[in-house]
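K.L.:
need a 3D model of the following:
(chains A and B)
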2 protein chains.
Amino acid sequence: MTAARTVIGILLFDGVEELDAVGPWEVFRTAEAARPDALHCFTVAETAAAVTCANGMRILADHDLAGAPAIDVIVVPGGEGTHGVIANPALLDWIRETAAACRWVTSVCTGARVLLAAGPARGKRITTYHSAIPELRATGEAAEVVDGERWVQDGNLVSAAGVSAGIDMALWLLGQLFDAAFAREIQHVIEYDPAPPYGAVA
Amino acid sequence: MTAARTVIGILLFDGVEELDAVGPWEVFRTAEAARPDALHCFTVAETAAAVTCANGMRILADHDLAGAPAIDVIVVPGGEGTHGVIANPALLDWIRETAAACRWVTSVCTGARVLLAAGPARGKRITTYHSAIPELRATGEAAEVVDGERWVQDGNLVSAAGVSAGIDMALWLLGQLFDAAFAREIQHVIEYDPAPPYGAVA
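P.N.:
Numbers count the residues shown, from 1 in each chain, chains lettered A, B, ... in the order given. Predicted structure coming up:
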C-alpha cells in the first residue's frame, strides 16, 4: 500500500511576478525529483495560452483550469496581475472551490490579495508584500495583516511576504509535509545559503 | 547627452535550471523598471521555440540568437542542459563571440561548465555548483575552482555558486554597475531578506 502523492498546484496568470511563482516551483520540483512517489507539482493557468508575467517573461503552464488534476496544496503567487485575477469571477470561483478541498492554501506576496477576494484568507492572520500591507489592512477582511514576518501560518492558510519570501515559505511547507531533514536536503540541492551582498534590507 | 543603457542578456536552453535564470531575471528586470533609461535585460535562446527547463517549466525567450541585440553583460545559467550546450559548437561559438564583446561575463551554477568550454573562464578563478566542483577542477582549465563562496570575481568574469546564488551575484553586479544603494533598493523591492526556515545549510 502506497500513500497518495501530495499534489501541489501553482497558479499562473498574466502579470504574475516571476520569482513569486518560480521560487516555490524550484523548491517543490526539486523535492519531486528526490521523492517522485510522494510529491507532484505543476503549474496551472486559466487557458493554455502563454502567460506573460509581471516582468515580461512568457511561461506556458502545465495545465489549464479544466485539465488540472486535483490539488492538495495551492500556491497563489502575487504580482500586478492579481488585480486582474480579483476582477475575474470565474477564476475566483475556481480558486475558492479548489482551496476548499486543499490540505494547505498558500500565497506569496500579493497573492494574499487574491485569497482575500476569493475567501480563504478572510478572518485569518496573514502577511503580504510590504507595500500592500496598508491596503489589505484597510479591507478589514483579514483578522490581522502582519508586518515583518517571512511567512505566517493560520490553520491551513500560509501566506508569505514579498517575492523571494516564497522560497522560505515553500521550504517551510516542505518541512511540514515531510520533515525538516528533507527540507534541508532540498535547501542544499538548490544551494539556498543566501548571502545578500550589501547586507540585510533595512 | 545620455549614457548608453547597459544591456543584459540571459541565455536560456533546454535543461536550464529555472531559478538559475529567473533569480537574476527578477533582479535585473526589477532594476530595469526603476531605471529603464540605464538598463535593459532580456532572455535569449538558440531558436524561437519554447525552452523546456530542467524541472520542466516551459519558457519562451525574448530573442533567438540571430535577433538578439548587442549584449554588455551575459548571464549563463546552469542546469543539466549545460551538457547539451557544450556539445553544441554553434552555440559555444555564439557564447564565445558574445562574451568577447561584453563588459561582464557571468555564470550561475554549472553555467561555469559552459564558460570553460566556450573559453572565457579558462585560466580564471571561478566557482560553480557544489557537486560540479570536482569535475571542473579535473579539467585543469580554470586557474582555481573555489568552494564555499556565493560568487567569485576574476577580472570581468563573475561566477556564482549553485541555483539560488544567482540572486546574490545579480545584486552584487547591480551594485558594480550602479552603486550599492541602488542594489539595496532593488533588494528591498524583491523583499530579499532571506530567512531559511530550518537554518543554514551545513
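
K.L.:
quick one: list the elements packing against the longest helix along chain A.
P.N.:
What stands out as the longest helix in chain A, according to DSSP state H, is helix A:18-34. On a contact count with 3 or more CB pairs under 8 Å, 6 or more residues apart in numbering or on different chains; DSSP states H and E, helix A:18-34 meets strand A:6-11, strand A:39-45, strand A:104-108, helix A:165-177, helix A:180-189, helix B:18-34. For the C-beta atoms, the positions are set from N, CA and C on the backbone; glycine is no exception.

K.L.:
give me the pLDDT value at A:Gly123.
P.N.:
Confidence at A:Gly123, expressed as pLDDT, is 98.

K.L.:
OK, contacts around it?
P.N.:
A:141-143 (CB atoms under 8 Å, 6 or more residues apart in numbering or on different chains).

K.L.:
wait, doesn't A:Asp193 sit right on B:Ala200?
P.N.:
Yes: using CB atoms under 8 Å as the test, A:Asp193 is close enough to B:Ala200 to be in contact (5.6 Å).

K.L.:
which one of these two has more residues nearby?
P.N.:
A direct count of neighbours by other CB atoms under 10 Å in any protein chain shown for A:Asp193 and B:Ala200 places A:Asp193 higher, at 21 against 10.

K.L.:
surely the more buried one is in a strand?
P.N.:
No: counting by DSSP: H, G, I helix; E, B strand; the rest coil, A:Asp193 falls outside a strand, being coil.

K.L.:
what sits against the closest residue to it other than its chain neighbours?
P.N.:
In space, and not counting its chain neighbours, A:Asp193 is closest to B:Val201: 4.5 Å by CB to CB, 6 or more residues apart in numbering or on different chains. Contacts here follow CB under 8 Å, 6+ apart; on that basis B:Val201 touches A:184, A:187-188, A:191-193.

K.L.:
one more time with 7 Å, if that's ok
P.N.:
With contact taken as CB atoms under 7 Å, 6 or more residues apart in numbering or on different chains, B:Val201 is in contact with A:184, A:187-188, A:192-193.

K.L.:
ok, and the most crowded of those residues?
P.N.:
For those, neighbours tallied by other CB under 10 Å; top is A:Gln187, 27 neighbours.

K.L.:
the most centrally placed residue in chain A sits in which helix or strand?
P.N.:
When chain A is reduced to its mean C-alpha position, the nearest residue by CA atoms, centre = their mean turns out to be A:Val75, at 3.0 Å. Per DSSP states H and E: A:Val75 is located in strand A:73-76.

K.L.:
which strands or helices does the helix or strand following that strand pack on?
P.N.:
Once the chain leaves strand A:73-76, the next helix or strand it forms, by DSSP H and E, is helix A:82-86. Counting contacts by 3 or more CB pairs under 7 Å, 6 or more residues apart in numbering or on different chains; DSSP states H and E, helix A:82-86 packs against helix A:111-118.

K.L.:
distance between the helix it packs on and the chain's centre?
P.N.:
11 Å (CA atoms, centre = their mean, to the nearest Å).

K.L.:
next, the angle from it to helix A:165-177.
P.N.:
Between the axes of helix A:111-118 and helix A:165-177, defined by axes from the mean of the first three to the mean of the last three CA atoms, to 10 degrees, the angle is 70 degrees.
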